[in-house]
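Peer 1: got a predicted model here, sequence first, then my questions.
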Amino acid sequence: NAGVTQTPKFRVLKTGQSMTLLCAQDMNHEYMYWYRQDPGMGLRLIHYSVGEGTTAKGEVPDGYNVSRLKKQNFLLGLESAAPSQTSVYFCASRGDQSSDTQYFGPGTRLTVL
Amino acid sequence: AQSVAQPEDQVNVAEGNPLTVKCTYSVSGNPYLFWYVQYPNRGLQFLLKYITGDNLVKGSYGFEAEFNKSQTSFHLKKPSALVSDSALYFCAVRDYGQNFVFGPGTRLSVLP
């Protein structure tokens, strides 16, 4: 039982490049989340999903897209990376509406030059 | 809108002394409150939560938190700090919706 895993762990992009971050969970959780963590700002929600095939915007969705084609995977895409997207990205999952605890992945450190 | 404040960026405490990390919140309706801990280069780990019931909630690693509705606070406490408790601590709140709002985090340093 690996919990929540994220790929890759580190990445450096040039402005304008695109990339996809992969989050996978093996706990059969319904809910999945993408956050970004910036110094002094805590975690901010980018997008989330309440089940396979569903996605919704969070607090800071601009510049990002997501997909949840399979229940266990939640992909975060950057179509045209900008330096303002330099951050640490965390994925989290949660069982269902009655479950309160989120389980976090180890994070992806992204630098956009 | 929900919000969480952690008024201290940094808390320093000597090993063996009690520690408190402060959190205040604003939410409509009854709050669901959480504490998470983040060790260097790791994801967040769940410590404890308050949903309903006793105002004093016990969690992992000897931590506890006190819910105070009148002061809208949910302070994290531990009777005797360990050097290994040094980490970044986040308070979070969820209302009847599906999303969580996190505070900015408080860095705890326990000095030997």
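Peer 2: Noted; the coordinates are in hand.

Peer 1: phi first, then psi, for the spatially most central residue of chain A.
Peer 2: The geometric centre of chain A, computed from its C-alpha atoms, lies nearest to A:W34 (CA atoms, centre = their mean), at 2.9 Å. Recorded main-chain torsions at A:W34 are phi -120, psi 130, according to degrees, to the nearest 10.

Peer 1: just grab the bridge partners of it for me.
Peer 2: When assigned by DSSP bridges, A:W34 has beta-bridge partners A:H47, A:C91.

Peer 1: so for the closest residue to chain B within chain A, what's the nearest residue that isn't a sequence neighbour?
Peer 2: Scanning chain A for the residue nearest chain B gives A:F104, at 3.4 Å (criterion: CB to the nearest CB). Heads up, the C-betas are built off the backbone N, CA and C, glycines and all. For A:F104, the nearest residue in space outside its immediate sequence neighbours is B:G43; the separation is 3.4 Å by CB to CB, 6 or more residues apart in numbering or on different chains.

Peer 1: repeat that for B:P79.
Peer 2: For B:P79, ignoring the flanking residues on the chain, the nearest one in space by CB to CB, 6+ apart is B:P18 at 5.4 Å.

Peer 1: now do the contacts for A:K57.
Peer 2: A:K57 makes contact with A:H47 under the criterion CB atoms under 8 Å, 6 or more residues apart in numbering or on different chains.

Peer 1: oh, that last question was meant for B:V4, not what I typed.
Peer 2: B:V4 makes contact with A:G42, B:C23, B:T24, B:Y25, B:S26, B:C91, B:A92, B:V93, B:V101, B:F102, B:G103 under the criterion CB under 8 Å, 6+ apart.

Peer 1: thought the fourth one was touching B:V93?
Peer 2: Yes: because the distance of 4.8 Å satisfies CB atoms under 8 Å, B:Y25 is recorded as touching B:V93.

Peer 1: what sits in contact with each of the two?
Peer 2: Contact with both B:Y25 and B:V93 is made by residues B:Q2, B:S3, B:V4, B:P31, B:L33, according to CB under 8 Å, 6+ apart.

Peer 1: from those, which is closest to chain A?
Peer 2: Out of the shared contacts of B:Y25 and B:V93, the member with the shortest distance to chain A (by CB to the nearest CB) is B:V4, at 7.8 Å.

Peer 1: chain neighbours aside, what residue packs nearest to that closest one?
Peer 2: Distances taken as CB to CB, 6+ apart put B:G103 closest to B:V4, at 3.9 Å, once the chain neighbours are dropped.

Peer 1: how close does the one you found get to B:L82?
Peer 2: B:G103 sits 23 Å away from B:L82, taking CB to CB, to the nearest Å as the criterion.

Peer 1: neighbour-wise, which of those two wins?
Peer 2: Each of B:G103 and B:L82 had its neighbours counted (other CB atoms under 10 Å in any protein chain shown), and the higher figure belongs to B:G103 (26 against 14).

Peer 1: so what's the residue count around A:L43?
Peer 2: A total of 27 residues lie near A:L43 under the criterion other CB under 10 Å.

Peer 1: quick one, what contacts it?
Peer 2: With contacts defined as CB under 8 Å, 6+ apart, A:L43 is in contact with A:Y35, A:R36, A:Q37, A:F90, B:L44, B:F90, B:F102.

Peer 1: show me how to select, in ChimeraX, the buried members of the contacts of B:V4.
Peer 2: To isolate the buried ones among the contacts of B:V4 in ChimeraX, judged by 16 or more other CB atoms under 10 Å in any protein chain shown, type:
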select /A:42 /B:23,24,25,91,92,93,101,102,103
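
Peer 1: nice, that's everything, thank you.
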